[in-house]
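In: Predicted model follows, preceded by the sequence.
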Amino acid sequence: MSDALDKAEAAVREASTDTAAVQLAFAAMELAKLAQQQTAGPAPCQHDHGRRPGRSAGEWIGISCAICIGGVGIAFASIAIAIGGISVAILALVLRSMWRDVQKRR
């Protein structure tokens, strides 16, 4: 019985030693987690500020391309209107000149 008691005492000592080692390991892991959280900085706030999330770079590029194409379209439309106005003015001058010539012959 003494042999069994010695074995039990040795097992208890080993378990208490292992428990202390396990506790130290857990404490080291907790310290590592805490150090990692502190170096990562504060977590961003999770509440809504009433704003939409920002646009991505692809969306901004698409918007700028649409604006550029629209600007070029407006420029061409303005040129077309100017050419049309000049054509109407020239046509009016030619018709007036022809009308005067017809009036002089009568």
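Out: Great, that's in hand.
In: Ala32 is in what secondary structure piece?
Out: Assigned by DSSP states H and E, Ala32 belongs to helix 2-40.
In: Mind checking what helix or strand follows that helix in sequence?
Out: Next in sequence after helix 2-40, counting helices and strands by DSSP H and E, comes helix 57-105.
In: how many other residues sit next to Ile81?
Out: Ile81 is flanked by 10 other residues according to other Cβ atoms under 10 Å. All C-beta spots, glycine's among them, are computed from the backbone N, C-alpha and C.
In: Relative to Gly70, how far out is it?
Out: 16 Å (Cβ to Cβ, to the nearest Å).
In: And Arg105, by the same measure?
Out: Taking Cβ to Cβ as the measure, Arg105 falls 53 Å from Gly70.
In: More neighbours: which of those two?
Out: Gly70 (10 against 6).
In: pLDDT score for the more buried one?
Out: At Gly70, the predicted lDDT confidence score is 94.
In: swap in Leu34?
Out: pLDDT at Leu34 comes out at 71.
In: From here on, call the first residue 751.
Out: In the new numbering, first residue 751, that becomes Leu784.
In: For His797, give me the pLDDT.
Out: 67.
In: And Gly823, by the same measure?
Out: pLDDT for Gly823: 95.
In: same check, this time on Arg856
Out: Reading off the model, Arg856 has pLDDT 78.
In: ok, Arg856 to Leu843 distance?
Out: Separation of Arg856 from Leu843 (Cβ to Cβ): 21 Å.
In: Tell me which of the two has more neighbours.
Out: Leu843 (10 against 4).
In: tell me the contacts of Arg855?
Out: If a contact means Cβ atoms under 8 Å, 6 or more residues apart in numbering, then Arg855 has no contacts.
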